[in-house]
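> need a structure here:
(one chain, ligands or ions: 1)
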Amino acid sequence: MKPATAERLRAALPAGSVLTEREDLKPYECDGLSAYRETPLAAVLPSDEAQVAAILKVARETKTPVVARGSGTGLSGGALPLADGILMSMAKFNRVIEVSAASRQARVQPGVTNLRISQHVGALGLYYAPDPSSQIACSIGGNVAENSGGVHCLKYGLTVHNVARVRAMTIEGDVVELGCEGLDAPGYDLLALAHGSEGLLAITLEVTVKLLPKPESAQVVMASFPDVESAGEAVANVIGAGIVPAGLEMMDKLATRAVEDFVHAGYDLEAEAILLAESDGTREDVEHETGKMIEVMRASGATGIRVSENEAQRLLYWSGRKAAFPAVGRISPDYYCIDGTIPRAALPRVLKQIEAWSAEYGLACANVFHAGDGNLHPLILFDANKGELENAEKFGADILRLCVEVGGVLTGEHGVGIEKINQMCVQFRTAELEQFHAVKAAFDPEGLLNPGKGVPTLHRCAEFGAMRVKGGQLPHGDIPRF
Ligand SMILES: Cc1cc2nc3c(=O)[nH]c(=O)nc-3n(C[C@H](O)[C@H](O)[C@H](O)COP(=O)(O)OP(=O)(O)OC[C@H]3O[C@@H](n4cnc5c(N)ncnc54)[C@H](O)[C@@H]3O)c2cc1C
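This is a model prediction of the structure:
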């Protein structure tokens with residue numbers, strides 16, 4: 001049956017759009033979670049909606065699963081192919097279709113990279129606010145599927161808050177419009193449902209993003225701290241003082257040293273932790289807010305403060321933060337990026353525990369994260385060739401369990417994919433998982449879109465030994481969250 005699927009795809013699509021040779025499939029074997037690899041049955045590269053419909057028709061008729069792929073920068077294995085499945089790359093959907101300065105919106109195809117949107121509308125004095133560190137490469141279709149965040153999301157919201165409309169195709173080949181270009185769409189908020197749905201519900205064909213006017217001025221404060229706990233407290237104190245910085249990021253010493261060697265951003269190498277806090281707005285607002293942030297950070301124990309003196313220095317400070325993952329990649333053969341979110345007040349406790357586990361597991365851990373959102377990214381350093389992957393995964397699972405225990409969630413922005421599928425059994429109980437499956441079945445009754453990702457089967461949870469039963473104790477109360 002499977003070779004027949006490839007033949008049918010070839011018959012339905014233009015020449016060169018169906019890849020089946022092993023060497024041609026290599027680039028599609030994994031996403032950013034490269035410890036997991038699989039060769040798909042075929043990779044297809046559609047360039048218009050009719051071709052997507054043709055692929056889904058073949059998938060339906062041959063009961064072949066389909067995994068959508070944007071740029072493959074995902075860190076949870078969402079775009080990991082299935083051996084018996086079609087890998088559908090959306091790379092050829094790469095046009096900015098229309099920009100409306102009047103309504104401050106842009107209609108783009110899903111393969112357009114995040115950064116290209118801001119570059120495209122920059123001359124109009126506009127930009128697209130969510131800015132994942134991977135923005136030079138990741139696609140807007142992937143951003144919607146993961147509900148991606150970034151440095152500026154503390155003030156301006158995640159992808160879901162910056163998208164007005166998604167045009168998508170269901171497995172049946174029906175085109176659906178979720179949301180609208182007006183202020184609010186009627187009916188259930190299916191646009192929000194599409195965000196973070198990890199390619200399980202439909203294939204995104206077009207996205208209308210909201211654009212913002214570029215702020216008149218922006219400045220970054222870099223504050224040094226003698227330990228990660230006091231930096232964590234400073235984060236809570238900044239927010240507690242009623243300040244909402246445009247970005248509030250933390251890096252520990254291991255991370256700043258790795259970055260400084262790579263980017264020469266001018267970070268304080270003696271500090272155990274640094275905070276980068278941005279203020280943006282009118283010149284007067286920025287001056288006032290920056291002064292307030294410095295006051296709070298000093299009162300929270302900052303041992304040094306630097307303020308960006310010009311735009312070039314501001315961008316340099318951020319370029320270090322944005323290059324932190326690849327910088328850490330230079331000091332270790334492998335690293336495992338964890339993504340969990342906790343209430344800000346729990347930052348000191350959780351960071352201390354991570355430090356203790358790092359010593360226990362004998363694996364170094366660099367912390368680089370969206371501190372203002374409480375979105376942690378511990379980067380566990382390991383060497384797969386020395387058999388350290390399993391230990392790194394156990395360390396990561398401990399961190400995620402702790403995130404849930406302190407009232408947080410096991411993903412902030414990187415999604416569940418295959419990486420955190422077992423931990424979903426820790427976060428959610430049976431009734432909740434059943435509802436998630438019901439939503440999936442409403443869109444995709446035969447389970448052909450990205451099966452095995454995002455939501456664990458109840459059987460899997462039982463095997464994992466973490467099945468929640470009704471009435472079971474949840475660490476943060478027994479209230480279902482749908
Ligand atoms: C160095 C580095 C830094 C990063 N920093 C951040 C960060 O700051 N913030 C953040 O949120 N993430 C970050 N990420 C993670 C990643 O870049 C984001 O998750 C991003 O949104 C993935 O986009 P992509 O185009 O690469 O998607 P892919 O990896 O190709 O796919 C991700 C998921 O989206 C689905 N998908 C893709 N396109 C479509 C489509 N058209 N229709 C339906 N489903 C689709 C896939 O099936 C998959 O489940 C980082 C990654 C790296 C490598």
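> shouldn't T113 be in contact with A137?
Yes. The pair T113 and A137 passes the contact test of Cβ atoms under 8 Å, sitting 6.2 Å apart. Just so you know, the C-beta spots here come from the backbone N, C-alpha and C atoms, and that holds for glycine as well.
> which residues do these two both contact?
Shared contacts of T113 and A137 (Cβ atoms under 8 Å, 6 or more residues apart in numbering): S71.
> these two - which one has more neighbours?
Neighbours around T113 and A137, counted as other Cβ atoms under 10 Å, are more numerous at T113. The numbers are 22 against 15.
> tell me how far the more buried one lies from C138.
Distance, T113 to C138, by Cβ to Cβ, to the nearest Å: 7 Å.
> pull up the overlap in contacts between the two.
S71.
> what does the chain put close to the ligand?
Contact residues, the chain versus the ligand (Cβ under 6 Å from any ligand atom): 31-32, 67-75, 78-79, 90, 110, 132-134, 138-139, 141-143, 145-146, 148-150, 198-199, 203-204, 325-326, 413-414, 450.
> just those residues: which are in helices?
Among these, the residues falling in helices (DSSP state H) are G141, G142, N143, A145, E146, F325, P326.
> in CSV: these, plus distance to P343 and pLDDT.
Shown next, in CSV, are these (distance: Cβ to Cβ, whole Å; pLDDT from 0 to 100):
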residue, distance to P343, pLDDT
G141, 31, 98
G142, 28, 98
N143, 25, 98
A145, 26, 98
E146, 22, 98
F325, 25, 90
P326, 30, 91
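> ok, so of the residues you listed, who is nearest the ligand?
G142 (2.2 Å; Cβ to the nearest ligand atom).
> ok, the closest residue in space to the closest one that isn't next to it in sequence - how many residues close by?
Take G142 and drop its neighbours on the chain: the residue closest to it by Cβ to Cβ, 6 or more residues apart in numbering is G70, 3.2 Å away. By other Cβ under 10 Å, the residues close to G70 number 30.
> return the members of the residues of the chain next to the ligand classed as buried.
Listed as buried from the residues of the chain next to the ligand are 31-32, 67-75, 78-79, 90, 110, 132-134, 138-139, 141-143, 145-146, 148-150, 198-199, 203-204, 325, 413-414, 450; burial here means 16 or more other Cβ atoms under 10 Å.
> which members of the residues you listed occur in strands, if any?
Here DSSP state E is the test, and those give V67, A68, R69, I203, T204 as lying in strands.
> mind putting the residues you listed into CSV with pLDDT?
As requested, those are arranged in CSV below (pLDDT from 0 to 100):
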residue, pLDDT
V67, 98
A68, 98
R69, 98
I203, 98
T204, 98
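> nearest to S103, of those residues?
T204 (20.7 Å; Cβ to Cβ).
> and A123, how many residues sit next to it?
8.
> how much space separates it from A101?
A123 is 10 Å from A101, by Cβ to Cβ.
> before we move on, what about L80?
Distance from L80 to A101, by Cβ to Cβ: 39 Å.
> more crowded one of those two?
Neighbour comparison, L80 and A101: the larger count goes to L80, with 28 against 14 (by other Cβ under 10 Å).
> isn't the more buried one up against I418?
Yes. Contact criterion Cβ under 8 Å: L80 and I418 qualify, at 6.0 Å.
> mutual contacts of the two, please.
With Cβ under 8 Å, 6+ apart as the test, L80 and I418 both reach L33, Y36, K453.
> I figured the first one hits G417, correct?
Just to be clear, that refers to L33. Yes. At 6.9 Å, L33 counts as touching G417 under the criterion of Cβ under 8 Å.
> in the stretch 151-300 of the chain, which residue sits closest to the ligand?
Across the stretch 151-300 of the chain, the shortest distance to the ligand (Cβ to the nearest ligand atom) belongs to G199, at 2.8 Å.
> what do you get for the stretch 351-482 of the chain?
E413 (3.2 Å).
> now the helices: where do they sit in the stretch 201-350 of the chain?
228-240, 253-263, 283-299, 311-322, 324-331, 347-361 (DSSP state H, counting those that start in this stretch).
> out of the ones in helices among the residues of the chain next to the ligand, which is nearest to I305?
For these, the nearest to I305 is F325 (26.2 Å; Cβ to Cβ).
> what sits against the closest one?
Here F325 is in contact with S133, Y335, C337, V368, L379 (Cβ under 8 Å, 6+ apart).
> so of these, which ones are in strands?
Y335, C337, V368, L379.
> sorry, back to before: quick one: which of L33 and G417 has more around it?
The residue with more neighbours, out of L33 and G417, is G417; 26 against 20, by other Cβ under 10 Å.
> what number of residues lie near the residue lying closest to the more buried one once chain neighbours are set aside?
Nearest-residue entry for G417: S76, 3.1 Å, with adjacent residues in sequence omitted and distances by Cβ to Cβ, 6+ apart. For S76, the tally of surrounding residues (other Cβ under 10 Å) stands at 26.
> now list the buried members of the contacts of F325.
Among these, the ones that count as buried by 16+ other Cβ under 10 Å are S133, Y335, C337, V368, L379.
> what's the separation between R22 and D174?
Using Cβ to Cβ, R22 is found at 34 Å from D174.
> I meant to write V96 there.
Remark: distance between V96 and D174 (Cβ to Cβ) = 25 Å.
> ok, now R107?
Relative to D174, and taking Cβ to Cβ, R107 is found at 20 Å.
> next: P378.
Where D174 is concerned, P378 sits at a distance of 42 Å (Cβ to Cβ).
> about what we covered before: tell me which of the shared contacts of L80 and I418 is nearest to A241?
A241 lies nearest to L33 out of the shared contacts of L80 and I418, by Cβ to Cβ, at 37.7 Å.
> enumerate every residue touching the residue lying closest to that closest one once chain neighbours are set aside.
Computed as Cβ to Cβ, 6+ apart, the closest residue to L33 that is not its neighbour in sequence is G77, at 4.3 Å. Residues counted as contacts of G77 (Cβ under 8 Å, 6+ apart) are C30, D31, L33, Y36, G417, I418, E419, K453.
> am I right that the second one is in contact with G70?
Read that as D31. No. In this structure, D31 is not within contact of G70 by Cβ under 8 Å, at 9.1 Å.
> now for those two: what residues contact both?
A79.
> quick one on the thing from earlier: neighbour count: P378 and D174, which is higher?
Neighbour totals were compared for P378 and D174, and P378 leads with 27 against 11 (other Cβ under 10 Å).
> residue contacts, that one?
C337, I338, I354, C365, A366, N367, F369, G396, I399.
> need the max-distance pair from the residues you listed.
Farthest pair in the contacts of P378, by Cβ to Cβ: F369 and G396, 14.3 Å.
> give me every residue that touches the residue nearest to G142.
A79, M90, A91, P110, G111, C138, S139, I140, G141, G142, N143, A145.
> count the residues that sit near V259.
Burial of V259 is recorded as 28 neighbouring residues (other Cβ under 10 Å).
> I'd say it and A323 touch.
Yes. In this structure, V259 is within contact of A323 by Cβ under 8 Å, at 6.3 Å.
> how long is stretch 17-29 from one end to the other?
17 Å (Cα to Cα, to the nearest Å).
> er, stretch 302-320 actually
Start-to-end span of stretch 302-320 (Cα to Cα) is 20 Å.
> need the mean per-residue confidence for it.
Across stretch 302-320, the average pLDDT comes to 95.
> residues touching that stretch, excluding its own?
151, 218-226, 234, 247, 256, 259-260, 263, 265-268, 271, 275-276, 278, 290, 294, 297-298, 327.
> again, only using 6 Å
Stretch 302-320 has contacts (Cβ atoms under 6 Å, 6 or more residues apart in numbering) with 219-226, 259, 263, 265, 267-268, 276, 294.
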